[in-house]
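J.: dropping the sequence and predicted coords here.
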Amino acid sequence: MKHLQLRKEVHHDRLVDCHQDRPADIYAMFLDAVSRSPEAIALVDGEERWSYSVLAARVAICAARLTSLGLAAGDRLAILLSNRADYSTLLLAAARLGLIAVPMNIRQRAPETAHVLNDSGAAAIIFDDALEDQLPNRSDHPELRHWLRYPDEAALWSNAEAEPPTDAPHCAAVGEDDPFCILYTSGTTGRPKGAVLTHLGLVTNCIGSQQHLGLRDGESMILAVPASHVTGIALILMLSIRVAGKVVMQQAFKARPFLELAQAERMSYAIMVPAMYKLCLMEPDFAGFDLSNWRIGAFGGAPMAESCIETLAAQLPQLTLVNIYGSTETSSPAVMMPLGDCPAHPDKVGKALPYADILIMDEEGRELPRGEQGEIWIAGAMTIPRYWNNPEATERGFTGGYWRSGDIGTMDAKGYIRVLDRMKDMINRGGFKIYSVEVENMLMSHEAVTEAVVVGRPCPVLGERVEAFVVAPGQLDGTALRDFCARNLSDYKVPDHVYIVEGPLPRNPNGKLLKTAVREWLPEMSADQPA
């Protein structure tokens, strides 16, 4: 595959590396896929299978319907839908018209939805009829002009049998620096912020991901993560369009149905969190599924246990695992593991993508030498320009065009990046710095553990103690897991207590562990309780 040339360009007053040859925007990227592969399957949703030409017709109808409602370029369109094929219809119709999509997670509740609607100034919302009880009172949002229930009130724009209209053209006013969507960050502290993802940022990462992963036209993918999350949008829905590929919808991840779909649809590429891979491996007849087409297995959010990497290598020798590191603020990937390097570097997330500029900085804002620990700063064409309607958060989160990730990490002499922990989650036990992620990864490496979280508990003697909560179906106790950690970790890193809980662990609507909620579980204990 020919690598595309980069050149320096100015975007949002930042000098960044950009691909010279690139689509003008997301909708132009879609039109290119339709032109190349009109009859190829674009989306599979249950019994429905849409070709690219059918999807293009649905997008045209949808765009005409949205135009008839008075929506115009720059208006925000909120989307509260589960994983379904029409998610792509909506995103592409919005891109065609220059609307700004505002995807929302179906796990959020009415107060969270109200905040997003107010902060974004949404002009319309399309919501799944099963999620109506998660909506705020309509009277509290007089500026929201249209409340469209899916599928009933959306039937006028999702009917593929109708004649595609011609009066909703590709909006010429859309520029690549314009917002494609606003994604609200997790809000683990304070209210969620609206990250503004541009057409250029997503196009950049689609090209970069295709190049790095060696993806070919017609790849088969399963959307097992939420369509509303940056991973689902950037690394499945938009990336599939870049390669004129097929996306198979899974409403919610369950290991066995995922494996059945992967076999039936000849899945060739997937991205999931490590726990999802582990759940697949725990299926008793995993080896009986025909997954011979599965070439690329991307993962992120946490390192994958070495035991899981080894088992996958033994069971699926044709599968190349690829660690990916990124965020909403970087339009997803900024770092990827070079193909084939994952087994040799299980504690690393990879190297910076060619257009990503990554620094390791100290607390005074000075770049650190290779190998030293500091905060990871990220810049590049894929990094968002700002938070929506929040100049204060933008000023706090960005310095000199670099997004300050809040992650502690290192970069070695060869450019491999290691993420140690979130700055706020590091534990100080008697002067020893403990990265909660390292202890969590050790617990996750135990074959019986499916989820683990580690937090610090204030201690007047040591400063903090290490406390772990674990989901481990079957017969397993905390003492056995402490002993397991003691055999593999320095003594000061071993959890003072390991609590077995039924699970699932508390997560926010985007799937991030809520350590603030976990800390509330900590029982009252005397300061001198032995470790």
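T.: Yes, it's here.

J.: and A63, that one's in a strand?
T.: No. Counting by DSSP: H, G, I helix; E, B strand; the rest coil, A63 is not found in a strand; it is helix.

J.: count of neighbours near it?
T.: Using other C-beta atoms under 10 Å, A63 has 29 neighbouring residues. Backbone N, C-alpha and C define where each C-beta goes, glycine included.

J.: same check, this time on P369
T.: For P369, using other C-beta under 10 Å, the count is 9.

J.: phi first, then psi, for it.
T.: Main-chain torsions, P369, degrees, to the nearest 10: phi -70, psi 160.

J.: one more: A480?
T.: Main-chain dihedrals, A480, degrees, to the nearest 10: phi -60, psi -40.

J.: in the chain, what helix or strand scores lowest on average pLDDT?
T.: None of the helices or strands of the chain scores lower by mean pLDDT, DSSP states H and E than helix 155-158, at a mean of 55.

J.: OK, contacts around the residue nearest to G208 when sequence neighbours are not counted?
T.: Of all residues not flanking G208 in the chain, L353 sits nearest, at 4.9 Å (C-beta to C-beta, 6 or more residues apart in numbering). Taking C-beta atoms under 8 Å, 6 or more residues apart in numbering as the criterion, L353 is in contact with N205, G208, H212, P333, A334, V335, M336, G380.

J.: would you mind putting these into JSON lines with pLDDT alongside?
T.: As requested, those are exported to JSON lines (pLDDT from 0 to 100):
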{"residue": "N205", "pLDDT": "98"}
{"residue": "G208", "pLDDT": "98"}
{"residue": "H212", "pLDDT": "97"}
{"residue": "P333", "pLDDT": "97"}
{"residue": "A334", "pLDDT": "98"}
{"residue": "V335", "pLDDT": "98"}
{"residue": "M336", "pLDDT": "98"}
{"residue": "G380", "pLDDT": "98"}
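
J.: hang on, A270 in a strand?
T.: Yes. Using three-state DSSP, the secondary structure at A270 is a strand.

J.: any idea how far L213 is from it?
T.: 11 Å (C-beta to C-beta, to the nearest Å).

J.: check which helix or strand the most centrally placed residue in the chain maps to.
T.: Among the residues of the chain, the one closest to the centroid is T231, at 2.9 Å (C-alpha atoms, centre = their mean). T231 belongs to helix 230-232 when elements are defined using DSSP states H and E.

J.: got the contact list for that helix?
T.: The contact list for helix 230-232, computed with C-beta under 8 Å, 6+ apart, reads 83, 183, 197, 223, 225-226, 271, 300, 326-328, 331-332.

J.: next SSE after that helix?
T.: Using DSSP H and E, the helix or strand that follows helix 230-232 in sequence is helix 239-242.

J.: quick check: mean pLDDT of the helix or strand that that following helix is followed by?
T.: Next helix or strand after helix 239-242 toward the C-terminus (DSSP H and E): strand 246-249. Strand 246-249 comes out with an average pLDDT of 98.

J.: what comes up buried for strand 246-249?
T.: K246, V247, V248, M249 (16 or more other C-beta atoms under 10 Å).

J.: will you turn these into a markdown table that also has distance to C342?
T.: Below are the buried residues of strand 246-249 laid out as a markdown table (distance: C-beta to C-beta, whole Å):
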| residue | distance to C342 |
| --- | --- |
| K246 | 25 |
| V247 | 24 |
| V248 | 25 |
| M249 | 28 |
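
J.: and of these, the nearest to E132?
T.: Ranked by distance to E132 (C-beta to C-beta), the buried residues of strand 246-249 are led by M249 at 21.4 Å.

J.: and for the closest residue to that closest one other than its chain neighbours, the neighbour number?
T.: Nearest in space to M249, with sequence neighbours left out and distances taken as C-beta to C-beta, 6+ apart, is D45 at 4.5 Å. Counted with other C-beta under 10 Å, the neighbours of D45 add up to 19.

J.: L514: neighbour count?
T.: Neighbour count for L514, taken as other C-beta under 10 Å: 16.

J.: give me the neighbour count for the residue nearest to it when sequence neighbours are not counted.
T.: Distance criterion C-beta to C-beta, 6+ apart; nearest residue to L514, sequence neighbours excluded, is P506 at 4.5 Å. P506 has 16 neighbours, counted by other C-beta under 10 Å.

J.: domain parsing for this structure?
T.: The chain is divided into the following domains under automatic domain parsing: 25-411, 426-519.

J.: turn the ones you listed into JSON lines, including distance to H11.
T.: Shown next, in JSON lines, are these (distance: least, C-beta to C-beta, whole Å):
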{"stretch": "domain 25-411", "distance to H11": "6"}
{"stretch": "domain 426-519", "distance to H11": "26"}
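
J.: to V419, which of the ones you listed lies closest?
T.: Using C-beta to C-beta and comparing these, the one that lies nearest V419 is domain 25-411, at 4.7 Å.

J.: wait, I360 sits on D412?
T.: No. With contact defined as C-beta atoms under 8 Å, I360 does not reach D412; the gap is 10.4 Å.

J.: more crowded one of those two?
T.: I360 (20 against 13).

J.: which residues does the residue nearest to M249 bridge with?
T.: Counting by DSSP bridges, D45 forms beta bridges with E48.

J.: low-confidence ranges, this structure, go.
T.: For the chain, the stretches flagged by pLDDT under 70 are 1-3, 154-172, 186-190, 508-511, 524-531.

J.: would you map the strands across the stretch 151-300 of the chain?
T.: Under the criterion DSSP state E, counting those that start in this stretch, strands of the stretch 151-300 of the chain are mapped to 179-184, 194-198, 220-223, 246-249, 269-272, 296-299.

J.: export those strands to JSON lines and tack on distance to D133?
T.: As requested, the strands of the stretch 151-300 of the chain are exported to JSON lines (distance: least, C-beta to C-beta, whole Å):
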{"stretch": "strand 179-184", "distance to D133": "20"}
{"stretch": "strand 194-198", "distance to D133": "24"}
{"stretch": "strand 220-223", "distance to D133": "25"}
{"stretch": "strand 246-249", "distance to D133": "23"}
{"stretch": "strand 269-272", "distance to D133": "29"}
{"stretch": "strand 296-299", "distance to D133": "34"}
